[in-house]
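A.B. asks: Compute the structure for the input listed below.
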Amino acid sequence: MVDQRQPWVAFFRNLNLGHAGSPTRGQLEAAFVEAGATAARSFRTNGTVIFSASQPAATLADAHARLASVGYADAVFLRGVDELRVAEVGGLFPDPQPVDVYRQCYTFVDAPLPEGLTPPWAAAQGDLDLHAVHGLIVLSSIRRRGTGVGNPTAVIERSGGGPATTRTRGTVQALLDAAEGWRA
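C.D. replies: Down below sits the predicted model:
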């Protein structure tokens with residue numbers, strides 16, 4: 001059974017507050033409140049929203065539909081804070097972090113990874129490692145190699161994995177810290 005009281009997080013793909021085709025912070029938060037969220041807060045400017053709702057999936061679907069009025073119509077992914085916490089403390093990232101890692105990331109997907117991307121997986125050019133999958137969260141490391149920097153979203157989408165969106169581990173850790181004070 002899903003804990004409806006936990007904070008929930010919406011990860012919007014290609015949403016940057018105030019940019020063309022994206023809402024402002026006020027519009028984004030209002031869409032959630034108008035959709036029935038008891039509280040909603042945009043977290044950073046990258047389309048990440050923490051919210052509370054008795055029916056989180058329905059609230060997110062309604063908020064997402066409301067954002068069409070400001071021109072936003074891309075994908076969105078719902079995750080519970082508890083799921084993010086388990087992925088973070090579950091030892092799924094290499095420890096300690098290798099020196100040549102530029103960023104560690106969480107990529108959110110709506111379907112299992114396509115065959116051929118099953119972790120552990122490494123890009124041939126050496127700029128991306130997929131470490132683990134926790135539910136529908138892919139944990140990866142981006143490495144700086146030559147002129148390229150790995151992109152987990154692009155790799156997953158190009159291989160037929162459907163829409164995806166990525167946040168850095170630092171963003172997710174800060175989100176989890178913010179969620180600590182969220183619980184009632």
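
A.B. asks: show me where this protein has helices.
C.D. replies: Here the chain has its helices, by DSSP state H, at 25-34, 56-66, 81-89, 152-158, 169-180.

A.B. asks: Lowest mean pLDDT across those, which one is that?
C.D. replies: In terms of average pLDDT, helix 81-89 trails the rest of those, at a mean of 85.

A.B. asks: what bridges to the nearest residue to Pro119 once chain neighbours are set aside?
C.D. replies: Once flanking residues are discounted, Pro119 sits nearest to Leu130: 4.4 Å by CB to CB, 6 or more residues apart in numbering. To be clear about C-beta, it is placed using only N, CA and C from the backbone, and glycine gets the same treatment. Judged by DSSP bridges, the bridge partners of Leu130 are Trp121, Ser140.

A.B. asks: Tell me which helix or strand in the chain has the weakest average pLDDT.
C.D. replies: Here the helix or strand of the chain ranked lowest by mean pLDDT, DSSP states H and E is strand 148-149, holding a mean of 70.

A.B. asks: so which of the helices of the chain gets nearest Leu139?
C.D. replies: Of all the helices of the chain, helix 81-89 sits nearest to Leu139, with 6.6 Å by CB to CB.

A.B. asks: elements contacting the closest one?
C.D. replies: strand 8-12, strand 128-134, strand 137-145, helix 169-180 (3 or more CB pairs under 8 Å, 6 or more residues apart in numbering; DSSP states H and E).

A.B. asks: quick one: buried residues of that helix?
C.D. replies: Val81, Glu83, Leu84, Arg85, Ala87, Glu88 (16 or more other CB atoms under 10 Å).

A.B. asks: could those residues go into CSV alongside distance to Pro23?
C.D. replies: Putting those into CSV (distance: CB to CB, whole Å) gives the following:
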residue, distance to Pro23
Val81, 23
Glu83, 25
Leu84, 23
Arg85, 28
Ala87, 28
Glu88, 28
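
A.B. asks: Would you tell me which one of those residues comes nearest to Ala179?
C.D. replies: Nearest to Ala179 among those, counting by CB to CB, is Val81 at 4.5 Å.

A.B. asks: Just confirm the closest one contacts Phe43, I think it does.
C.D. replies: No - taking contacts as CB atoms under 8 Å, Val81 lies outside contact range of Phe43: 11.2 Å.

A.B. asks: between the two, what contacts are shared?
C.D. replies: Residues touching both Val81 and Phe43 (CB atoms under 8 Å, 6 or more residues apart in numbering): Val9, Ile50, Leu175.

A.B. asks: out of the residues you listed, which is most surrounded?
C.D. replies: Using other CB atoms under 10 Å as the neighbour test, the shared contacts of Val81 and Phe43 are led by Val9, with 25 neighbours.
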